[in-house]
Each structure stands twice: as structure tokens, then as C-alpha cells.
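Peer 1: Below: sequence and its predicted model.
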Amino acid sequence: MDRLELQKLRDLPVEGVAERLGLHVVRHKCLCPFHDDRHPSLSFCVRRNTYRCFVCGASGGTIDLVMRHLNLGFREACRWLADENNIIIAESKPMETDVPLKPFDASRYARFFEHPFLNEAARKFLFDERRLDERVVRWCRLTSWNDRQGVPWLQIPYYDRKGRLTGVQNRNLIRGALPRFRFPTGSQCSIYNLPVLNRLGAADDLYITEGCSDCWAMLSAGHKAIAIPSATLLSKADRDLLLAIHAERDTRFHMYPDRDEPGERLFLQLQKVLPSLVHHQLPPGCKDFSEYFASRVF
């Protein structure tokens, strides 16, 4: 991976990374997981985006925290961070060359979504665990496949507003396995489910979610929805598109932020673009809308 990719991982909010690792952060402190800590001694410096324990001396940034907490090597820790935050990074260090990366070849992948097929692992994930509406799965053209090692993957297509395939996201269906996601070369996986914009009426409600899973749950709950992959991937083009949607049809935007710091940061970032964005609070115990949806019947 190159320096820009590494910087994306290092710029992730360290307190948010800690929360995703299962640490309970309160007022920039938490119990240190690296020694038998009875009183919170691990402190976070938001300005420097670092952590430090004043008892055992553990310190570092986002990648260091993941390496030490999960006992992973540097590359594995980077992959974990990228997967958790939907950041696209190269599978291996690119060759030092001026030859640009190949563009996404939509014709190579479009055929996979013409007649979607769901294997047993995909059906269990989508219908038993996530409790999604089958009509939503068909609308999103989700399909599945097994690689040469027999690992099941869910294949997620990204389309632009005109229905043109712009990218593919492959999700590993084995819980806890790495890598969690794979993207074909050149995939443009930015705002998800853009074709739904063609169904918006004047002053309709549109829900913004973080990640595809929450978007599927929101659609299954009967709402029109799009997804932002991650706060770190909200580009200027994405912001301009959201503003255009609002201007075209006076769209009313809503959001259930994930119950963690990255989720709230994404909401605040979007609120700067869409001041009228409505904040909805998830109930205690639900980390995201997908979990909330699966826990109840709509």
C-alpha cells in the first residue's frame, strides 16, 4: 500500500478505532487492555490522534493500537482497519512505476448480476441473520460465489444514477476472517444505491446510512435509502451530489448514526453539507440500524 493509503488509516479517529475494538471510551479515557487495569489509565489525545497508558507505557496511533490489541502484524492490522472502515487499499504494495492502474472493467462483472444466485452462506447471512426483505435483495442484485479455497463471498454491485455498473464490493461471509472486503481493480464504490434516486418524489424522505448492510435494513423497513461507505470516503463529488439531490426535489434527509464516535463524526460531517439533516437515535444496545432492524419486526 502507498503512503496516501497509510495516511488514511492513521487519520482515522483513534477513539473510534478503540470503540470498534470493544474498548469503552469515556472522557478520552478507558481501561488499558495491555495490563490488569482497575482504573482507566489509557488516555487518548484527540489533537494528536494518539493513545498512551501512563501505567504500562503502551502508546502509539491507530495502527499500533490494532496491532497490539489484536496481536496482528503491521499489514494485517492495516487490512483490519481498512475493512472495518470500508477503506479501499491495495492488496499488496504497488510496483514503483508511472503506469496508471487499469480502469474498472464493468463488462467483465455485469454478467454476474444479470441472474443473481445466493449460496447457503449468503442466504443465511441475508435472511437468517439480517432478516432482510427478499425484494430488497433482488433490487440490489446481490449475488454470491466461492473462491478457489472454498471461501464464500457476497458480491455487491454499485451503480450510478443511470444504472451503469461502476464498481463491485466483495464481502467475506466467514465471520472474523480477513480480508473482510475485496474490490476489483478500479472499482468506484462511493455512494451506494444511487438508482433509488430515480424513485424520489418532491419533498420525499431519504435516509443516509453508513455501509451497505444498514442500507439494506433501511430499505427492508420500507424507506428509501442510500449509503455512505465511511466518513473517510466522503469526497467532494459525493457532497456535491447530496446537495444536488436536495436542490432537485427538496429532499428531506434523515440518519440513524452508528452508536460510536465514527458514526457521530459522519453525521456531523454530513450536517455541514445538509444543515436540515434529521438525527434519529438508536435504542440502547443497538450499535447500528442493521442490528436494530434485525432485533424487531417492522
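Peer 2: The structure has been received and is ready for your questions.
Peer 1: Outline the domain layout of this protein.
Peer 2: Per the record, the chain has its domains at 3-84, 106-182, 194-294, by automatic domain parsing.
Peer 1: now the longest one: mean pLDDT?
Peer 2: Just to be clear, that refers to domain 194-294. Averaged over domain 194-294, pLDDT sits at 89.
Peer 1: Can you get me the centre-to-centre distance for that domain and its chain?
Peer 2: Distance, stretch centre to chain centre, for domain 194-294: 12 Å (Cα atoms, centre = their mean, to the nearest Å).
Peer 1: Span of it from start to end?
Peer 2: Domain 194-294 stretches 24 Å from its first residue to its last (Cα to Cα, to the nearest Å).
Peer 1: Residue 9: neighbouring residues, count only.
Peer 2: Counted with other Cβ atoms under 10 Å, residues neighbouring residue 9 total 23. To be clear about C-beta, it is placed using only N, CA and C from the backbone, and glycine gets the same treatment.
Peer 1: do the same with residue 118
Peer 2: Residue 118: 17 surrounding residues under other Cβ under 10 Å.
Peer 1: Setting the sequence-adjacent residues aside, check what's closest to the residue of the chain positioned farthest from its centre.
Peer 2: In the chain, residue 55 marks the outermost C-alpha relative to the chain mean, sitting 34.2 Å out by Cα atoms, centre = their mean. Using Cβ to Cβ, 6 or more residues apart in numbering and skipping the chain neighbours, the partner closest in space to residue 55 is residue 41 (4.5 Å).
Peer 1: How about residue 24?
Peer 2: Closest residue to residue 24 apart from its sequence neighbours, by Cβ to Cβ, 6+ apart: residue 30 at 5.6 Å.
Peer 1: what's near enough to touch that neighbour?
Peer 2: Counting by Cβ atoms under 8 Å, 6 or more residues apart in numbering, residue 30 makes contact with 18, 23-24, 40, 42, 44.
Peer 1: Helices of the stretch 51-200 of the chain, residue ranges please.
Peer 2: For the stretch 51-200 of the chain, applying DSSP state H, counting those that start in this stretch gives helices covering 62-70, 74-84, 106-109, 120-123, 134-139.
Peer 1: can you count the residues close to residue 181?
Peer 2: Number of residues near residue 181 (other Cβ under 10 Å) recorded here: 22.
Peer 1: Is it in contact with residue 167, as I believe?
Peer 2: No. The pair residue 181 and residue 167 fails to qualify as a contact (Cβ atoms under 8 Å) at a distance of 11.7 Å.
Peer 1: ok so, going back, mark which of the contacts of residue 30 are buried, thanks.
Peer 2: For these, a burial check counting by 16 or more other Cβ atoms under 10 Å picks out 18, 23, 40, 42, 44.
Peer 1: Now for those: which two are most distant?
Peer 2: Maximum pairwise distance among the buried ones among the contacts of residue 30 (Cβ to Cβ): 11.7 Å, between 18 and 40.
Peer 1: first to last residue in stretch 28-44, what's the distance?
Peer 2: End to end - Cα to Cα - stretch 28-44 spans 5 Å.
Peer 1: ok, residue 53 to residue 66 distance?
Peer 2: With distances taken as Cβ to Cβ, to the nearest Å, residue 53 is found 16 Å from residue 66.
Peer 1: These two: who's more crowded?
Peer 2: A count of neighbours by other Cβ under 10 Å puts residue 66 above the other of residue 53 and residue 66, at 26 against 19.
Peer 1: quick one, what contacts that one?
Peer 2: With Cβ under 8 Å, 6+ apart, residue 66 has these contacts: 17, 21, 72, 77, 80-81.
Peer 1: can I get those residues in CSV with distance to residue 215 and pLDDT?
Peer 2: Formatted as CSV, those follow (distance: Cβ to Cβ, whole Å; pLDDT from 0 to 100):
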residue, distance to residue 215, pLDDT
17, 23, 89
21, 25, 87
72, 29, 87
77, 28, 89
80, 23, 85
81, 22, 86
